[in-house]
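# attaching a predicted model along with its sequence, questions to come.
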Amino acid sequence: AQSVAQPEDQVNVAEGNPLTVKCTYSVSGNPYLFWYVQYPNRGLQFLLKYITGDNLVKGSYGFEAEFNKSQTSFHLKKPSALVSDSALYFCAVSLGRGSTLGRLYFGRGTQLTVWP
Amino acid sequence: GAVVSQHPSRVICKSGTSVKIECRSLDFQATTMFWYRQFPKKSLMLMATSNEGSKATYEQGVEKDKFLINHASLTLSTLTVTSAHPEDSSFYICSAPPGTSTDTQYFGPGTRLTVL
């Protein structure tokens, strides 16, 4: 069975400090990995994705994530957090070509709070 | 970028009535759309996969007679919550992949359903 784990329900950081939101996955084959962000009462907004190539992926709003195949992880990072980064973050994985087109498996979400 | 819209954004209805939620892909065609349900501060639960021209595929535990899905065209899928009850109150989000599974999947802004 495919699964995505976000081990932390809540991450708190001070503004200006680096932040990390963790994600690990368990899937068969080569996964496509995504990070989405959700603000209150809104849909999900795409941040970044890893399909193939360079393990370090840069995305929107200064976020980046590193694909680590040996550790089956795809942690989201940002060098300097902003208060406006406070939101709910979701890690997701799809199985790529040959799978149900677009079928995403989501982690449970991590609430990021950045203190001023 | 690709845009997915949902209508209405918020609906309040009486118990026992039916509510229809529309999901539209505005600038691309989507043979497949996904419907999710999200409880407060929780992850997204995939309810069903909407397939243009064929029956929807429901996830285990989702009542297909209660949550009717119709994929009427390549740009429109509808979710009808029939005989709604207070426990159906939730945030419903749709999504659509615009092309291959490597492409970013776009999410609608969500519909907040409150059943009195």
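Arrived safely, thanks for sending. Residues are numbered from 1 along each chain as shown, chains lettered A, B, ... in the order given.

# just want the residue of chain B that's nearest chain A.
Closest residue of chain B to chain A, Cβ to the nearest Cβ: B:P97 (3.1 Å). C-beta here means a position set from N, CA and C on the backbone, and glycine is covered the same way.

# that residue contacts B:T31, doesn't it?
No: the pair B:P97 / B:T31 is not scored as a contact, 9.1 Å apart, by Cβ atoms under 8 Å.

# what sits up against the worst-scoring helix or strand of chain A on mean pLDDT?
Least confident element among the helices and strands of chain A, by mean pLDDT, DSSP states H and E: strand A:105-106 (a mean of 88). Here strand A:105-106 makes contact (Cβ atoms under 8 Å, 6 or more residues apart in numbering or on different chains) with A:2-4, A:27, A:90-94, B:43-44.

# what do you get for stretch A:77-89?
A:6, A:13-21, A:35-39, A:47, A:61-66, A:76, A:109-116, B:41.

# mark which of the contacts of strand A:105-106 are part of strands, please.
Among the contacts of strand A:105-106, the residues falling in strands (DSSP state E) are A:3-4, A:90-94, B:44.

# quick revisit: parallel or antiparallel, list what pairs with the very next helix or strand once past the least confident helix or strand of chain A.
Remark: after strand A:105-106, the chain's next helix or strand is strand A:110-115, criterion DSSP states H and E. Sheet pairing of strand A:110-115 (DSSP bridges) gives strand A:10-14 (parallel), strand A:87-94 (antiparallel).

# is it true that A:Y36 touches A:V93?
No: using Cβ under 8 Å, A:Y36 makes no contact with A:V93, being 11.7 Å away.

# re the thing from before, direction included, what does the least confident helix or strand of chain A pair against?
Sheet partners by DSSP bridges: for strand A:105-106, these are strand A:87-94 (antiparallel).

# what's the spacing between the partner strand and its chain's center?
Taking the mean C-alpha point of strand A:87-94 and that of its whole chain, the gap between them comes to 5 Å (Cα atoms, centre = their mean, to the nearest Å).

# for B:I69, give me its contacts.
B:35, B:48, B:50, B:56, B:77-80.

# can you pull the contacts of B:T49?
Applying Cβ under 8 Å, 6+ apart to B:T49 gives the contacts A:100, A:103, B:32-35, B:56-57.

# just the buried positions in stretch A:67-86, please.
A:67, A:72-76, A:78, A:81, A:85-86 (16 or more other Cβ atoms under 10 Å in any protein chain shown).
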